[in-house]
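[1] Next come a sequence and a model predicted from it.
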Amino acid sequence: MKRINLLALVIFIACLGWVFTLPAEKREAIHSTVLGWFTPVFEAQTAIEGDPQIESDLQLEPSVLAADNAELRRQLAELTIYRERSELLQEEVNRLNGLLDFKISHKESLIPARVISRTASNWWSSLVIDKGSLDGVGTDLPVRNEIGIIGKTAEVSPNSAKIILLTDEQCRVAARIDNTNEQGILMGSRGGLGGGNELRMRFLSKDAVIPPGLKVYSSGAGGLFPANVFMGTVQEFTSGDVYGECVVAPSVDFGQVRNVFVVVQDDDILESPAPVVPANSNPNGSVKPTVPGSVPLDPDEAGVGGYEAPARDSEIPRALPLNPTRIPGGGL
Amino acid sequence: MFLRAFLFSVIAVILLLCSFAGQEFMPALNWAQGSKFILPVTVFFGLAVIVSYPVMLILAFIMGFLWDARHLAFTVSGGDSVQGSVDLAFGYSILLFGLTGSLMQGIRPLLGRGRFELPVLMMGLVTGVWLLAEYLFLVFRRGQPEFPDTLWIKVGSTALLALLISPIVLFALHTIARWTGYEVRYEGLSRRET
């Protein structure tokens, strides 16, 4: 081997060693920077491809478009009212959670985003959206559309963000099967093989009876993804030696996703409640009934309401972060 | 001679960077498990046959670094069940491209003599080997080895697509080399006359 080739090889190996030992923050910064470089290319790609929905709309008669517009305005007004009601209900739920000393409060806001690139990766299923850190998008945030969960955010540049799709093996969602007590982890197939048309729900009881057609919802047990979002329908259940596994048809057609929402939890606190001794309690521990309506609105004053609190640890199911060590093969 | 080689090397780096942008416009074939023309990889393997060994290593470094930065998912957590994991080590592609590029260097004499057949075949074959190696890295990292039929369909069809596009890439690179006056020479191991 010529001396210059040998020298080049030594320098190459040294550079390789440097890259392998880069700290995580540097790697994340590199990912974000490179994603930022590619953002204009993604925008150009989107501009060239166009949106088939918009293009088909442009073919319509103005009268049809006007009728559509009127219908959409009516639906918008209706949904605005529903949203107001929903926010009131959420406040009520948060207040009641506070009374139970759960201290779980959910104030979600949605950041609408447009898909600007479907990844060119071989083994990773991901999308790129047109909202980034400047719009409030961060890493590890759930992403959904009106139908179900799409995935979660990975690296974020100022004007774009990469989403790891639910069809990727690395995006795992704690899920439950409707009308059963079964809970498990929903994930995609390795390398996105199979076209992303099926998900796998693992770590179910091996003796479970799960007929095809049952619906699968997120359980919210992991703390990352919101609970009770429709994720798919059971197609097949197979029982293994240790645990059972379901094949699930996803609710979302990932190939057709164009608009998504990044879910930002403004205030999502999950704390283990400290023992509360109500101010109006007797020495024997029972709570004096008080007049309904005197319940304080401040959740920190929980326990002084007009009810007798149940023994929380035994009676109230509580969402806890799923422990990966409890799941066979769950952790890397 | 040095200036010509330098000029061609600069053009090679620019071509490699442009191929990354071009890749974003490549559609995936859904019926072939999402296989596609992987332009940067084909351009890199084409260049690996033409340029000298040190330049190939520089290109492998740039290629691997950009490939990982663009495609490797930096995951803070795996979702609801896995905490704090990076899937594959950043930089693994540099190693892979360094190795596969070295393989391509072995057939430089043929290209120097104007024979394109074996380089074209090798470009298809090495693309398949690279893709399979990437999957094996993934399996090694994640455990639970799975080798479904769809994997072989994906690897095979991607290699076939690379095989189809490689004559065009090689011809284009050869033409650029001729324009710049760069001569493809074999500078590797040679049998010494005693």
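    Alright, I've got the coordinates. Numbering: from 1, shown residues only, chains lettered A, B, ... in the order given.

[2] Residues of the stretch 1-150 of chain A that sit close to chain B?
    Residues of the stretch 1-150 of chain A lying close to chain B (Cβ under 8 Å from any Cβ of the partner chain) are A:1-2, A:4-5, A:7-9, A:11-12, A:15-16, A:19-20, A:22, A:24, A:27-28, A:30-31, A:33-35, A:38, A:41-42, A:45, A:48, A:117-124, A:126, A:139-140. Where C-beta positions appear, they are placed from N, C-alpha and C, glycine not excepted.

[3] Can you list the low-confidence ranges for chain B?
    Along chain B, segments meeting pLDDT under 70 span B:74-86, B:111-114, B:185-194.

[4] let's see 50
    B:83-84, B:189, B:192-194 (pLDDT under 50).

[5] on that earlier part again, filter the residues of the stretch 1-150 of chain A next to chain B down to the buried ones and express that as a PyMOL selection.
    PyMOL command restricting the residues of the stretch 1-150 of chain A next to chain B to the buried ones, with burial defined by 16 or more other Cβ atoms under 10 Å in any protein chain shown:
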select buried, chain A and resi 5+8+9+12+15+16+19+27+28+30+31+34+35+38+41+42+45+117+118+119+120+121+122+123+124+126+139
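
[6] so where do the helices sit in chain B?
    B:2-23, B:39-50, B:53-71, B:92-105, B:108-112, B:117-142, B:149-180 (DSSP state H).

[7] how about those helices, which one is nearest A:M187?
    Nearest of the helices of chain B to A:M187, taken as Cβ to Cβ: helix B:117-142 at 11.1 Å.

[8] which parts of that closest one are buried?
    B:119-120, B:122-135, B:137-138, B:142.

[9] could you measure the residue nearest in space to the middle of chain B against B:S93, distance?
    Centroid check for chain B by Cα atoms, centre = their mean gives B:V41 as the closest residue, at 3.2 Å. Taking Cβ to Cβ, to the nearest Å as the measure, B:V41 and B:S93 are separated by 10 Å.

[10] overlap in contacts of the two?
    Common neighbours of B:V41 and B:S93, counting by Cβ atoms under 8 Å, 6 or more residues apart in numbering or on different chains, are B:M63.

[11] where does the stretch 201-332 of chain A dip in pLDDT?
    Flagging of the stretch 201-332 of chain A using pLDDT under 50 yields the residue ranges A:268-332.

[12] and with 90 instead?
    A:202-203, A:205-211, A:218-231, A:236-245, A:250-259, A:263-332 (pLDDT under 90).

[13] Quick check, the residue in it closest to chain B?
    A:G222 (2.4 Å; Cβ to the nearest Cβ).

[14] which SS state does that residue fall under?
    At A:G222 the chain is in coil, as set by DSSP: H, G, I helix; E, B strand; the rest coil.

[15] Next: the one 3 residues further on.
    Local secondary structure at A:F225 is given as coil here, using three-state DSSP.

[16] do stretch A:226-236 and chain B meet?
    No: Stretch A:226-236 lies apart from chain B when judged by Cβ under 8 Å from any Cβ; the minimum separation is 10.9 Å.

[17] mind checking how far that stretch is from the chain centre?
    Centre-to-centre, stretch A:226-236 and its host chain are 13 Å apart (Cα atoms, centre = their mean, to the nearest Å).

[18] which residues touch that stretch?
    A:106, A:108, A:142, A:144, A:147-149, A:166, A:173, A:175, A:177, A:186, A:198-199, A:201, A:210-221, A:246-251, A:263, A:319.

[19] Kindly format the C-alpha coordinates of it as PDB.
    Extracted C-alpha coordinates of stretch A:226-236, given in PDB (Å, rounded to 0.1, in the frame of the first residue of the first chain):
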ATOM      1  CA  PRO A 226     -52.600  11.200  24.900                       C
ATOM      2  CA  ALA A 227     -55.100   8.700  26.100                       C
ATOM      3  CA  ASN A 228     -58.200   7.400  24.300                       C
ATOM      4  CA  VAL A 229     -57.200   8.200  20.800                       C
ATOM      5  CA  PHE A 230     -58.400   5.600  18.200                       C
ATOM      6  CA  MET A 231     -55.400   3.800  16.800                       C
ATOM      7  CA  GLY A 232     -56.700   0.800  14.800                       C
ATOM      8  CA  THR A 233     -58.700  -2.300  14.600                       C
ATOM      9  CA  VAL A 234     -57.600  -5.800  15.700                       C
ATOM     10  CA  GLN A 235     -57.100  -8.100  12.700                       C
ATOM     11  CA  GLU A 236     -55.600 -11.200  14.300                       C
END
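
[20] Enumerate the positions of that stretch that are buried.
    Under 16+ other Cβ under 10 Å, the buried positions of stretch A:226-236 are A:P226, A:A227, A:V229, A:M231, A:G232, A:T233, A:V234.

[21] Stretch B:148-157 now?
    B:T150, B:L151, B:K154, B:V155, B:G156, B:S157.

[22] Contact partners for the third one?
    In this case it means B:K154. So B:K154 contacts A:N122, A:G191, A:L193, B:A32, B:Q33, B:G34, B:S35, B:L131 (Cβ under 8 Å, 6+ apart).

[23] what ranges do the strands span in the stretch 51-200 of chain A?
    Taking DSSP state E, counting those that start in this stretch, the strands of the stretch 51-200 of chain A run over residues A:108-118, A:126-129, A:142-144, A:149-156, A:161-165, A:173-177, A:183-187, A:199-204.

[24] To B:L164, which of those lies closest?
    The nearest among the strands of the stretch 51-200 of chain A, by Cβ to Cβ, is strand A:108-118 at 22.4 Å.

[25] Neighbouring strands of that closest one in the sheet, and parallel or not?
    strand A:126-129 (antiparallel), strand A:259-265 (antiparallel) (DSSP bridges).

[26] got the contact list for the first one?
    Translated: strand A:126-129. A:35, A:38-39, A:42, A:113-119, A:137, A:143, A:150-151, A:154, A:160-165, A:168, A:257, A:260, A:262, B:73.

[27] And the buried ones among those, selectable in ChimeraX?
    For the buried members of those, the matching ChimeraX selection, counting by 16+ other Cβ under 10 Å, is:
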select /A:35,38,39,42,113,115,116,117,118,119,137,143,150,151,154,160,161,162,163,164,165,168,257,260,262 /B:73
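
[28] hang on, the earlier thing: pull out the buried members of the contacts of stretch A:226-236.
    A:106, A:142, A:144, A:148-149, A:166, A:173, A:175, A:177, A:186, A:198-199, A:201, A:210, A:214, A:216-221, A:246-248, A:250-251, A:263.

[29] Excluding covalently adjacent residues, which one is nearest to residue 46?
    Since no chain was named, I'll use chain A. Using Cβ to Cβ, 6 or more residues apart in numbering or on different chains and skipping the chain neighbours, the partner closest in space to A:T46 is A:I116 (4.7 Å).

[30] The intended chain is chain B.
    B:G46 sits nearest to B:V169 (Cβ to Cβ, 6+ apart), 4.4 Å away.

[31] pretty sure A:A208 is in a helix, no?
    No: read with three-state DSSP, A:A208 is coil and lies in no helix.

[32] list the contacts for it?
    Going by Cβ under 8 Å, 6+ apart, the list of residues near A:A208 reads A:T180, A:E182, A:F237, A:S239, A:G244.

[33] ok, the second one touching A:L204?
    Pointing back at A:E182 there. Yes: with contact defined as Cβ atoms under 8 Å, A:E182 counts as touching A:L204 (5.0 Å).
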